[in-house]
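>>> I would like the atomic coordinates for the input below:
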Amino acid sequence: MHKSVTIQDAYEALKRVKDKMATRGGIEALVDSVEILSNQKTMEALRKSEEDIKAGGVKEVTSVDDLLAEL
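Prediction:
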């Protein structure tokens, strides 16, 4: 004999499925990450940027005035 299932049981099961589902935004972000990580030129530019930051070769700009002062 089959166990009866309530609407509440079905609702809770669907909520658990929903919580584990990938969202469109999550999948798009994953694809973007894979594209970046697989592009050698982009990864080299990121490495160089990190080196510049560590070497102090960047300046924080917190306002338009800061930006214009650099021109």
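>>> For the strand or helix carrying Ala45, which outside residues touch it?
Ala45 is part of helix 40-54 when elements are defined by DSSP states H and E. The contact list for helix 40-54 (Cβ atoms under 8 Å, 6 or more residues apart in numbering) reads Ile36, Leu37, Val58. C-beta here means a position set from N, CA and C on the backbone, and glycine is covered the same way.
>>> what about the nearest residue to the first one once chain neighbours are set aside, distance to Ser49?
Nearest residue to Ile36, sequence neighbours excluded (Cβ to Cβ, 6 or more residues apart in numbering): Thr42, at 5.4 Å. In this structure, Thr42 and Ser49 are separated by 11 Å, where distance is defined by Cβ to Cβ, to the nearest Å.
>>> mind checking pLDDT for the residue nearest to the spatial centre of the chain?
With distances taken as Cα atoms, centre = their mean, the chain has Ala29 as the residue nearest its mean C-alpha position (5.3 Å). In this model, Ala29 is scored at 96, pLDDT.
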